[in-house]
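[1] next input, structure requested:
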Amino acid sequence: MSVRGKVALITGAGTGIGKATAERMSADGALVIAGIIGDKERTAASDFTQRILDVRLQSDWDAALADCREQFGGIDILVNNAGLLIEGTAEETDDATWDKIFDVNLKGLFRGCRAVIPEMRQRGGGAIVNLASIDALSGAIGHLAYSASKGGVTALTRSLATDHAVDGIRVNAVCPGTITTPMVEKMFKDTGDIDAARNASIAKHPLGRLASADEVASVITFLCSNDASFITGQSVSVDGGRSIR
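    Purely as a prediction, here's the structure:
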């Protein structure tokens, strides 16, 4: 896929889907800046140019964009992957939890888009992929704030695509089903019965298994590539058929 020579900033690139996407894009010739948040991720993303990037901080976004300019001359691709899941129903979710989830999953993503769009416009265009979730499309027990934030991601994606098509900037979202990432494994563990939780999740997917992070990374890379040049404003499900049930 044609991302060779493109400058890509990927948030949450030290683990899970973000790390897999950084590896895939780098293998396909992109110049990757990995947004990370701590020393553990620094080690995991050691093959890439790194930048401490807390998506809640506009100053971190500004510094990351400055890195893109100074090291590679600008930015062509943004993958808004960093996300946070805290489970809870309406009665179990307090204001602080709600605000924390939205600050990372939705407002953090908005800050990133706001930072890179002027630079992409000057370069004649670019591609943004936002990580939503199957939870944006169908209900999930105990994922109230997370689902709401990811639904916001899909709506924001459509609005951004509409506003910036004239600038040559394509904006799409990816809605993964259950992926074998550290965040999902923690969710299974927190139930108290890892095997039962994993089997219950597998049963929701018609393909009869969970996906790897690499499978989602392939779709993200495609959407950022020239091969997807006529695709914008879409929320693409990578969910083993879960959303059709």
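
[2] show me which residues of the longest helix that the chain contains are buried.
    Secondary structure of the chain read by DSSP state H shows that its longest helix is helix 144-164. Going by neighbour count (16 or more other C-beta atoms under 10 Å), the buried part of helix 144-164 is 144-154, 156-158, 160-161, 164. For every residue, glycine as well, the C-beta is placed using N, CA and C.

[3] the biggest strand by length in the chain pairs with which strands, parallel or anti?
    Longest strand in the chain, counting residues (DSSP state E): strand 169-176. Counting by DSSP bridges, the strands paired with strand 169-176 are strand 126-131 (parallel), strand 235-238 (parallel).

[4] tell me the most buried of the ones you listed?
    Comparing these by mean neighbour count (mean count of other C-beta atoms under 10 Å), strand 126-131 ranks first with a mean of 26.

[5] pLDDT of stretch 190-198, averaged?
    The pLDDT scores in stretch 190-198 average 89.

[6] need the distance between the two termini of it.
    12 Å (C-alpha to C-alpha, to the nearest Å).

[7] contact partners of that stretch?
    Glu87, Glu185, Met187, Phe188, Leu210 (C-beta atoms under 8 Å, 6 or more residues apart in numbering).

[8] in ChimeraX, how would I select the buried members of the residues you listed?
    To isolate the buried ones among those in ChimeraX, judged by 16+ other C-beta under 10 Å, type:
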select :87,187,188,210
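
[9] in a markdown table, list the contacts of stretch 190-198 along with distance to Ile169 and secondary structure.
    Shown next, in a markdown table, are the contacts of stretch 190-198 (distance: C-beta to C-beta, whole Å; DSSP: H, G, I helix; E, B strand; the rest coil):
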| residue | distance to Ile169 | secondary structure |
| --- | --- | --- |
| Glu87 | 34 | coil |
| Glu185 | 35 | helix |
| Met187 | 34 | helix |
| Phe188 | 37 | helix |
| Leu210 | 33 | coil |
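
[10] what's the lowest-pLDDT member of the contacts of stretch 190-198?
    Met187 (82).

[11] that one contacts Ala140, doesn't it?
    No: taking contacts as C-beta atoms under 8 Å, Met187 lies outside contact range of Ala140: 10.5 Å.

[12] need the helix or strand of this protein with the lowest average pLDDT.
    helix 39-44 (a mean of 63; mean pLDDT, DSSP states H and E).

[13] Ala127 against Arg170, yeah?
    Yes: contact status for Ala127 versus Arg170: in contact at 4.9 Å, counting by C-beta under 8 Å.

[14] what is in contact with those two at once?
    Leu223, Ala228.

[15] what are the boundaries of the helices in this structure?
    In the chain, the helices defined using DSSP H lie at 16-27, 39-44, 58-72, 95-102, 108-122, 144-164, 182-190, 194-203, 213-224.

[16] what's the most buried one of those helices?
    Most buried among these, counting by mean count of other C-beta under 10 Å: helix 16-27, with a mean of 24.

[17] now that one and helix 213-224, what's the angle there?
    60 degrees (axes from the mean of the first three to the mean of the last three C-alpha atoms, to 10 degrees).

[18] how close does Arg245 get to Thr181?
    Counting by C-beta to C-beta, to the nearest Å, the gap between Arg245 and Thr181 amounts to 22 Å.
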